[in-house]
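> after the sequence you'll find the predicted model.
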Amino acid sequence: MPENPKQDENWVFFVDEALIERLMGGGDKVDDPTAVKRPASSSSFTKAVQLCGEGRHADALKELEAGVEKGENLPELYAGMGHLHFELQQFEEAAKCYAKLAEIAPQHRTAQYNLGLSLERLGKFDEAAAAFEKALTEDKDRWQAHLGLGVCRLHLKQPETALESFQHALQQDPQNDKALFGKAVAFQLAQKLDDAADLYRKLLPGNTNSPELLINMIALSIARKEDSKVRDYSERLLKIRPQSRAAYEGLATSALSRGDFQAAAQHCAQLVKIAPDSFEGWFNLGLAYQKISRWEPAAEAYQKAGKLRSDAPEVHANLGGVYAERGDAAAALTAYQKAAEALPDTPGLIWNMALLALRDGRLEDAEQHLAKLVALQPDWEDAAFRLGYLLFSRGEFAGAADAFEACLKKKQDWPEALLNLGLAYWRFEDLDSAEESLHKVLALKPTNTEAMSALQAIAIERKDFGKAWDWQTKLAALEAQSPELSYNLGLAFDADGKHDEAARCYEQTLKKEPEFAEALLNLGHALKAAGKEDEARAHWARAVELRPDFAAEYFHG
């Protein structure tokens, strides 16, 4: 009765957390104040410009800082320091300089824009967005500020307003790849997948070797369930970046979605080599191995996934299935119980725990699991059938009947369920319902001898001996008559004074079981009642030979 545990058909989707990170906002560079010709208002600024021209940026920065320390609280000093810190990727210091610049020169043309760029690089997208918005109040047509604002809104999970920003940028520069790319990402995050796909396709011809574009097209194709495109873009990316994590994630996803678990295992194995911190990679590697029955490497992969994310119940659930297949019932039970702590109402997990309990002979636990599963998912007919079987086995016939009825709600022509339902009703003494179910069995399988035997037993119970004899005849034709039922029918005929019919029943009993002592004894009585004493004595003698204790009560010489 137990069978293989149900494997989770779903893999863990890879998450491209860098989808937006690849889109840098604004013009990528802050405005360089040293490139602007203006009257020298500060000797420090003049010296810094000269040093920058010589390529001595660090010295130029020191010169500007020295000017501030001397009390030269001038906008160009802070603008210059901000620029140099930004070029050196010292974004925290750059942001401080631009914030100070905006404070002492509120109308400065680029202070807020450059502050936005610096804050964006720091991942402070709320503050960066506010800076870009202030920059646009000074110059509403500055497309770079619209672009930076769009990127910040993407990071803030505001794809709809990000679309507006990118559209403003494109009004100023319609062919700007960065704005088009940002708009495509916004469409993608807003689940406007067709619009995103159209934009990416327009960008692809001019960016065939763009890893960023291919990565996003892989993610988009996964979302659109376009398996062939996922594979195509992943293979293209792999040619550009042989160790690309995104490429192997795409190839693994493609293989998993088409059920090629051998290929999925190969791609996931490569993935975890280059990205050993990938929970999804290890989990999917375990799943792929599990699907091709490689239990040991599957367990190892799941264990690696569990170390990366100890609170992931799906790891324990699948590990339980692997341990069960390996025959380690104790480890399987422990894994299932860990998973159940987080996922107490997961049908597949409950089913596997029930199967494991059945294998271990823990019938009470199995019944509890199956009852819970049927309550959660009444149309799970296999669970209802097994629950009915367990209830029937321990004499809970009313509950068993309910369970078998549940089996038949979706699968009305299930002979085995109908048969067991009929038997449950019979034992529950609902003979009409029992007969109805058993006749349905015979409508589906006319030679089902179990249903015939049950109907014969019901006929005997109803004292409908003619019908019981009809079933006896049909069963005899199929050489499937039950010795016990034949004997019981014989007793019923005897009690009704129909000794010839009783004799025929006892004779059919003895064809199946020649040493059925009670049948021999009662056949002798039936023959004597019919006036055939010699034949009766022969059967009595044989009965006493088999059961000497019959002599004192029935045999009188």
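Done, it's in.

> from here on, contacts and neighbour counts on C-alpha atoms
Will do.

> ok, how many other residues are close to Ile292?
Look at Ile292: counted by other CA atoms under 10 Å, it has 13 neighbours.

> for it, give me its contacts.
Residues counted as contacts of Ile292 (CA atoms under 8 Å, 6 or more residues apart in numbering) are Phe261, Gln262.

> what about it, distance to Ala298?
In this view, Ile292 and Ala298 are 9 Å apart by CA to CA, to the nearest Å.

> show me where pLDDT drops low in the protein?
Residues of the chain that meet the criterion pLDDT under 70 lie in 1-41, 552-557.

> what segments of it are strands?
Assigned by DSSP state E, the chain shows no strands.

> state the phi and psi torsions of Arg224.
Dihedral pair for Arg224: phi -90, psi 0, per degrees, to the nearest 10.

> chain neighbours aside, what residue packs nearest to it?
Leaving aside its chain neighbours, Arg224 sits nearest to Leu193 (7.2 Å; criterion: CA to CA, 6 or more residues apart in numbering).

> over to Leu238?
Sequence neighbours aside, Ala247 is the residue nearest to Leu238 in space, at 5.7 Å (criterion: CA to CA, 6+ apart).

> and if you look at Asp360?
In this structure, Asp360 finds its nearest non-sequential neighbour in Ala329, 7.6 Å apart by CA to CA, 6+ apart.

> touching, the one you found and Tyr323? I think so.
Yes: contact status for Ala329 versus Tyr323: in contact at 6.8 Å, counting by CA atoms under 8 Å.

> neighbour count: those two, which is higher?
With neighbours defined as other CA under 10 Å, Ala329 and Tyr323 compare such that Tyr323 has more, 22 against 18.

> look up how far Tyr302 lies from the residue nearest to the more buried one when sequence neighbours are not counted.
Nearest non-adjacent residue to Tyr323, counting by CA to CA, 6+ apart: Ala332, 4.9 Å away. Going from Ala332 to Tyr302 by CA to CA gives 13 Å.

> off-centre distance for stretch 533-541?
Mean-position distance between stretch 533-541 and its chain equals 72 Å (CA atoms, centre = their mean, to the nearest Å).

> cool, and stretch 526-536?
Once both centres are worked out by CA atoms, centre = their mean, stretch 526-536 turns out to sit 73 Å from its chain's centre.

> same deal with stretch 284-298?
Computed by CA atoms, centre = their mean, the separation of stretch 284-298 from the middle of its chain amounts to 16 Å.

> any idea how far Glu501 is from Ala66?
Going from Ala66 to Glu501 by CA to CA gives 125 Å.

> more crowded one of the two?
More crowded of Ala66 and Glu501, by other CA under 10 Å: Glu501, with 19 against 15.

> just list the residues touching that one, thanks.
Applying CA under 8 Å, 6+ apart, we find Glu501 in contact with Gly490, Phe493.

> on that earlier part again, now do the contacts for the residue nearest to Tyr323.
Neighbour list for Ala332: Leu319, Gly320, Gly321, Val322, Tyr323, Ala324, Leu356 [criterion: CA under 8 Å, 6+ apart].

> can you put the residues you listed in JSON lines and add distance to Glu280?
Compiled in JSON lines, the contacts of Ala332 are given as follows (distance: CA to CA, whole Å):
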{"residue": "Leu319", "distance to Glu280": "15"}
{"residue": "Gly320", "distance to Glu280": "18"}
{"residue": "Gly321", "distance to Glu280": "18"}
{"residue": "Val322", "distance to Glu280": "18"}
{"residue": "Tyr323", "distance to Glu280": "21"}
{"residue": "Ala324", "distance to Glu280": "23"}
{"residue": "Leu356", "distance to Glu280": "27"}
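
> just the buried residues of the residues you listed.
Leu319, Gly320, Gly321, Val322, Tyr323, Ala324, Leu356 (16 or more other CA atoms under 10 Å).

> any idea how far the third one lies from Arg386?
Yep, that's Gly321 we're talking about. Taking CA to CA, one finds Gly321 at 19 Å from Arg386.

> what is the burial count for Leu204?
14.

> excluding chain neighbours, what is closest to it?
Leu213 (7.3 Å).

> list the contacts of the closest residue to His499 other than its chain neighbours.
Distances taken as CA to CA, 6+ apart put Ala526 closest to His499, at 5.1 Å, once the chain neighbours are dropped. Contacts for Ala526 (CA under 8 Å, 6+ apart) come out as Asp494, His499, Asp500, Ala502, Ala503, Ala536.

> thank you, goodbye.
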